[in-house]
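Student: quick one, fold the following:
(one chain, ligands or ions: 2)
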Amino acid sequence: MYKALTCVLIALVGITSASNVFNVKSYNIQQVASPFAQPELRLTLCPTCIDIADRSINVLLELILDTGIIGSCSALCQALGQKTGSSILATVCDLVCDVVGIDEFIKMIDKADIDPIWYCEIAKMCAINDHGDAKFTKFTIAPASGPKGTTFTFDFAYTSVNGTGTGELDIDIQCPDKIPIGTGFLLEASKAGTYGQKVTVKAEPDPHCDPTQEMCEEWLPGTYNVTIQVCNGECGSKHPHSAIYDTVKGSFVLTK
Ligand SMILES: *[C@@H]1O[C@H](CO)[C@@H](O)[C@H](O)[C@H]1NC(C)=O
Ligand SMILES: *[C@@H]1O[C@H](CO)[C@@H](O)[C@H](O)[C@H]1NC(C)=O
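Tutor: Ligands and ions are numbered 1, 2, ... in the order given. Just a heads-up that it's a prediction; the model follows:
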């Protein structure tokens, strides 16, 4: 399932489909503290690969639509490298395409049926754990209500007994004017433990939102319903190594 972005219509969401999830800049939603703020330096390729996948998927689609039949993984991935000027994009493309096969790879790109986490798991750059689990143990929204302009803080934690696979933390807000707001954060595969995170949402119009290009959230008075999910793989993905571990819901009220 697609992570709705700030001020973007549902109709647009269908077109952009499931790629570009993690590089979406959501003006209103900010991460305050990472659940993985650990003392030791994390040296994994996974976040880099997610970035590579984000940059590759739409270009691969363009290449397939523009050039028609492409006979081999190396031809397709070489074209990707040339078009983007990046040999690392071509290398990762080769890794994934060789595993799934050129026909299946093209079919999946055509159907916009590729998500960055799955792509990087196939490339063996993001860790897989299909016996993982996570349960929310805490979720508060403060303040419970306030006028337009208020910054609301979502404070939540989840506990995992078996650890988690590479996944996503997905935040969606249903607004009274029906414009969906949301974002997704990459969660690297983790050991068992309790992980906490704070996210702030500023209830004011995004100055970068252009009303001639998209619908812009006006932050009208009313109840805003919040849904947070912690997932193995991308939330809503139908690929292997994907599942929704847990969901919490809450709300806040804009008074004026
Ligand atoms: C946790 O791991 C154990 C042992 O591998 C397994 O039996 C159990 O089903 C796992 N729990 C979940 C939620 O997958
Ligand atoms: C929020 O949830 C309540 C209760 O389920 C529902 O009545 C209301 O319509 C929802 N509001 C929005 C903006 O979706």
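Student: tell me how many other residues crowd residue 173.
Tutor: Residues contacting residue 173 under the criterion other C-beta atoms under 10 Å number 25. Every C-beta, even on glycine, is put in place using the N, C-alpha and C of the backbone.
Student: with adjacent residues omitted, what lies nearest to it?
Tutor: Residue nearest to residue 173 in three dimensions, not counting chain neighbours: residue 181, with 4.4 Å by C-beta to C-beta, 6 or more residues apart in numbering.
Student: does the one you found touch residue 203 like I think?
Tutor: No: taking contacts as C-beta atoms under 8 Å, residue 181 lies outside contact range of residue 203: 10.0 Å.
Student: so between those two, which is more surrounded?
Tutor: Neighbours per residue, other C-beta under 10 Å: of residue 181 and residue 203, the larger number sits with residue 181, 24 against 19.
Student: how near is the more buried one to residue 202?
Tutor: From residue 181 over to residue 202 the distance is 11 Å, taken as C-beta to C-beta, to the nearest Å.
Student: any residues in contact with both of the two?
Tutor: When contacts are counted by C-beta atoms under 8 Å, 6 or more residues apart in numbering, residue 181 and residue 202 have residue 28 as shared neighbours.
Student: got the domain ranges for this protein?
Tutor: When the chain is parsed with automatic domain parsing, its domains come out as 10-42+128-254, 46-122.
Student: is the first one anywhere near ligand 1?
Tutor: Yes: interface with ligand 1: domain 10-42+128-254 contributes 131, 133, 162 (C-beta under 6 Å from any ligand atom).
Student: leaving out chain neighbours, which residue sits closest to the first one?
Tutor: If I follow you right, that is residue 131. Distances taken as C-beta to C-beta, 6+ apart place residue 162 nearest to residue 131, at 5.2 Å, with adjacent residues excluded.
Student: residue contacts, the one you found?
Tutor: Residue 162 neighbours (C-beta under 8 Å, 6+ apart): 129, 131, 132, 133, 192.
Student: quick check: mean pLDDT of the longest helix that the chain contains?
Tutor: Secondary structure of the chain per DSSP state H: the longest helix is helix 46-67. Averaging pLDDT along helix 46-67 yields 91.
Student: over to stretch 225-243?
Tutor: 91.
Student: and that stretch, C-alpha only, in CSV?
Tutor: The C-alpha trace of stretch 225-243 is given here as CSV (Å, rounded to 0.1, in the frame of the first residue of the first chain):
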residue,chain,number,x,y,z
ASN,A,225,-7.5,10.1,13.1
VAL,A,226,-4.0,8.7,13.3
THR,A,227,-3.0,5.2,12.3
ILE,A,228,0.6,3.9,12.9
GLN,A,229,1.8,0.5,11.7
VAL,A,230,5.0,-1.4,12.2
CYS,A,231,5.6,-3.8,9.4
ASN,A,232,8.0,-6.4,8.1
GLY,A,233,8.8,-5.2,4.6
GLU,A,234,6.8,-2.3,3.2
CYS,A,235,3.4,-1.9,5.0
GLY,A,236,0.8,-3.4,2.7
SER,A,237,3.3,-5.0,0.3
LYS,A,238,2.3,-8.4,-1.2
HIS,A,239,5.8,-9.6,-1.7
PRO,A,240,7.4,-12.3,0.4
HIS,A,241,9.0,-11.2,3.7
SER,A,242,6.2,-8.7,4.3
ALA,A,243,3.6,-8.5,7.0
